[in-house]
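Trainee: here are the coordinates; sequence isn't available:
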């Protein structure tokens, strides 16, 4: 029979004391239970993030991703636009070169954004030709992912941008950008890309001594070693904005003369390379709301819609190209509309994009036909068959590719390092950080300029061979 003795008084006293202590401790720690729960979730989140990003990368400032065999294939950052191996990988690596004889049929605007650790092509701190508003990294943007993506066409490979080759192609010629501030974004991008190959930046200067700030007129930068100029003309509508004609209604402050080109157009037409853009100012806020109406001849069309006016203005631009520009000398490009990415409003009503840090990878969430300005441009170009069916006008069709880059905007980081981030309700989801998305537009421009030169030489050789 088992021996079962009763507990002593001391043991009972110890048990009671321990029980009281446990109850008091439990009561005290109950106050911390929610905090402990939150802390636990936070710790799990940090561990998960470190698992994704790799701790070694995080400690280096998040400026690069892990090595090739550690990358996240679902982010499509393996350099050729996708993961996987075998036959599919081999097929992708055998893409033809766009500049080769078989590359002419490749649509360079159909493709994907792929991660490339060789990017960006320059650093904003090393380029003195940038507006403060485009220097996102210097203005406090904490991530640098937006500068690490390269555009990869689906069916061919673009030539890698070589600033020295581009400068040689620009020797003794003028390249002109005419348009709105998004065009200026692209112009400054090209200045930085080209100047990265010039050891002596003092050999690059603005011919009128103007600083590269928010200048209202035009700026001309000369690369003296190459005797070339890279020019920007501010013409947000491309057509002429002028005072209201006599006897106009009081609400008409200015008009857009839809049948006349901007007053600076006489300075564009003799350029060797001419890059147009317009679109961002063609909205109610920038026109009718501010008292700017539309004029044809001497008539102010009070009831004309902005879209109708935009369509008529594009027609005027295309007719001007036909009439005034010697396309045997001047390569003319029209860059299509670059979509904005405001969420929850627009630039006036608290729209945001500051939380976006990755592109839309794969197919765009918004097809290009949903952008009205893109539709209008395509329709007007088609109606001018002498341009659309010939080589007189090259189209930098960046709308679809740019629609995926919701992560690339200045957002809060456009006021300068001394001011700090902008208020949350005053974000810029129209303009682009540099280095960044406009660099890809210029890489495409570079490829098209080289391709056209190769084609011309080939045609010339064929002609002489026939003769």
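Mentor: Received the coordinates, thanks. None of these values were measured; they are calculated from a predicted model.

Trainee: where does residue 166 fall, phi/psi-wise?
Mentor: Residue 166 adopts backbone torsions of phi -60, psi -40, taken as degrees, to the nearest 10.

Trainee: ok, it touching residue 194?
Mentor: Yes. When contacts are counted by C-beta atoms under 8 Å, residue 166 is listed as touching residue 194 (6.3 Å). Placement of C-beta: from N, CA and C, glycine included.

Trainee: which intervals of the chain have sub-threshold pLDDT?
Mentor: 1-93, 214-215, 347, 362-370, 388-390, 459-467 (pLDDT under 70).

Trainee: any idea which helix is longest in it?
Mentor: helix 437-466 (DSSP state H).

Trainee: Now that one: buried residues?
Mentor: Applying a neighbour-count criterion of 16 or more other C-beta atoms under 10 Å, one finds 437-451 buried in helix 437-466.

Trainee: Mind giving me the packing neighbours of that helix?
Mentor: When contacts are defined as 3 or more C-beta pairs under 8 Å, 6 or more residues apart in numbering; DSSP states H and E, helix 437-466 packs onto strand 149-153, helix 163-169, helix 181-195, strand 331-335, strand 393-396, helix 399-403.

Trainee: how far does the third one sit from the chain's center?
Mentor: Same thing as helix 181-195. Averaging C-alpha coordinates over helix 181-195 and over its chain gives two centres that are 11 Å apart (C-alpha atoms, centre = their mean, to the nearest Å).

Trainee: same thing with the shortest one?
Mentor: Averaging C-alpha coordinates over strand 393-396 and over its chain gives two centres that are 18 Å apart (C-alpha atoms, centre = their mean).

Trainee: and for it, what are the contacting residues?
Mentor: Here strand 393-396 makes contact (C-beta atoms under 8 Å, 6 or more residues apart in numbering) with 275, 318, 321, 327, 331-336, 381, 387, 441, 444-445, 448, 452.

Trainee: Try it again at 7 Å.
Mentor: Here strand 393-396 makes contact (C-beta atoms under 7 Å, 6 or more residues apart in numbering) with 321, 331-336, 387, 441, 444-445, 448.

Trainee: swap in the first one?
Mentor: Outside of strand 149-153, the residues within contact range by C-beta under 7 Å, 6+ apart are 81, 106, 108, 110-116, 119, 359, 401, 440, 443.

Trainee: Which ones among those lie within helices?
Mentor: Secondary structure assignment by DSSP H places 401, 440, 443 of the contacts of strand 149-153 in helices.

Trainee: Can I have the buried ones of the contacts of strand 149-153 as a ChimeraX selection?
Mentor: With 16+ other C-beta under 10 Å as the criterion, this ChimeraX line picks the buried residues out of these:
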select :81,106,108,111,112,113,114,115,119,359,401,440,443
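
Trainee: Keep only those of the contacts of strand 149-153 that are in strands.
Mentor: When these are checked against strands (DSSP state E), the matches are 111-115.

Trainee: Identify, from those, the entry nearest to residue 281.
Mentor: Out of the ones in strands among the contacts of strand 149-153, the one with the shortest distance to residue 281 is residue 113. That distance is 27.4 Å, counting by C-beta to C-beta.

Trainee: so what's that closest one bridging to?
Mentor: residue 151 (DSSP bridges).

Trainee: residues contacting it?
Mentor: 149, 151, 359, 361, 404.

Trainee: I figured the last one was touching residue 360, is that so?
Mentor: Yes. Counting by C-beta atoms under 7 Å, residue 404 sits close enough to residue 360 to count as a contact (4.2 Å).

Trainee: Many thanks, I have nothing further to ask.
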